[in-house]
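> Next comes the sequence, and after it the predicted model I'd like to discuss.
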Amino acid sequence: MHDNKVLNNIVLKYREDKLAHAYLIETNNIELALKDLKELLKIINCPEEHQKSCHKCNLCNLITKENLPSIKIIEPDGTSIKKSQIEELKNSFETIPIYSRFNTYIIKNADKLNASSANSMLKFIEEPHPGIIGFFLTNNKDIMIDTIKSRCQSLTINYENKSILDSLNIDKETYQKYQNIIPKFLNEIKNNYNLNNKNLILTEFPERKDIENILKLIFELYYHNFLKLIGREYNKDILNIYQISDKLPIINKKLQIINKYLTNMSYNVSMELILDALVLEMRGIYE
Ligand SMILES: [Zn+2]
């Protein structure tokens, strides 16, 4: 976050009391942007005068866990963001926040607002309330509804694509081993050969760190296929690991599933259980 000039600039505006009421952020990585946004919201709302990430106070912890009632994060329900989601947001923001300075909403994949939800949203941003700030996150603002775009301050946050070896902190040899096992693993999920394909990974990689890396790599594989399908820049090397023929909605679902289990891994659950559940859920998509 300290390196994120765009968001740091919002902090400066906040200190000058010149916050916009709605920001449209175009980014190549919505999850990272969300993570940075949460840091920004801590700086703005934290009761302690904090500069860096605050882990002490209750408010900041609630922001990390996305459990603060005055911060609402909305993402597409299926293929679109529904009007009912926006109505619910508006209702919950009728009260002044108790613990934080602002009521804040974050709309992920804001290009997925459909006509009626965008319309409902529009009334909300046309009559800005001083206690409410909004962030619309999108991979592509060109496909956003114009009436919303024109009422937001537009920003761009692009994250550098670190090499996969650097981000996983592995050497080429290990990467090669992961690359060998991933096609076998994904093929077995797709073709439903047997119920024990977790062993494919576990016999060769019993270590938690490796399993986590393999899941991260599978995530990257789907993510770059996703980027390719929506016409964004993608990493060709990662796509070479395994040929994916899934369509966009399936890829989206798989990304969500893998992401969920990557999060679960940090809770110290057994790797066997995680792989079992992951395989079952990934298979469920095809049924
Ligand atoms: Zn704090």
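Nice, thanks for sending it over.

> So for residue 172, what's the nearest residue that isn't a sequence neighbour?
Excluding the flanking residues, the one nearest residue 172 by Cβ to Cβ, 6 or more residues apart in numbering is residue 165, at 6.8 Å. For the C-beta atoms, the positions are set from N, CA and C on the backbone; glycine is no exception.

> how many other residues sit next to residue 203?
Using other Cβ atoms under 10 Å, the number of residues around residue 203 comes to 9.

> CA atoms of the host helix or strand of it as CSV?
Residue 203 is part of helix 198-204 when elements are defined by DSSP states H and E. Written as CSV, here are the backbone C-alpha positions of helix 198-204 (Å, rounded to 0.1, in the frame of the first residue of the first chain):
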residue,chain,number,x,y,z
LYS,A,198,-5.3,-35.9,-4.1
ASN,A,199,-2.6,-38.6,-3.8
LEU,A,200,-1.2,-37.6,-7.1
ILE,A,201,0.0,-34.5,-5.3
LEU,A,202,0.5,-35.8,-1.8
THR,A,203,2.8,-38.7,-2.6
GLU,A,204,5.2,-36.4,-4.5
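
> Same question for that helix: list its buried residues.
198, 200, 201, 202 (16 or more other Cβ atoms under 10 Å).

> And for stretch 107-117?
Across stretch 107-117, burial judged by 16+ other Cβ under 10 Å covers 107, 108, 109, 110, 111, 112, 113, 117.

> Show the average pLDDT along that stretch.
Along stretch 107-117, the predicted confidence averages to a pLDDT of 94.

> Would you mind measuring from the residue nearest to residue 76 when sequence neighbours are not counted to the ion?
Take residue 76 and drop its neighbours on the chain: the residue closest to it by Cβ to Cβ, 6+ apart is residue 112, 4.2 Å away. Taking Cβ to the ion, to the nearest Å as the measure, residue 112 falls 32 Å from the ion.

> pretty sure residue 112 contacts residue 82?
No: using Cβ atoms under 8 Å, residue 112 is not in contact with residue 82, being 9.7 Å away.

> Give me the distance between residue 91 and residue 85.
Plainly put, residue 91 is 11 Å away from residue 85 if you go by Cβ to Cβ, to the nearest Å.

> out of these two, which sits in the more crowded spot?
For residue 91 versus residue 85, the count of surrounding residues by other Cβ under 10 Å is larger for residue 85: 19 against 9.

> If we ignore the residues flanking it in sequence, what's nearest that one?
In space, residue 85 comes closest to residue 74 once its chain neighbours are excluded; the distance is 5.4 Å by Cβ to Cβ, 6+ apart.

> Now do the contacts for the one you found.
81, 85, 86, 89, 105, 106, 107, 108 (Cβ atoms under 8 Å, 6 or more residues apart in numbering).
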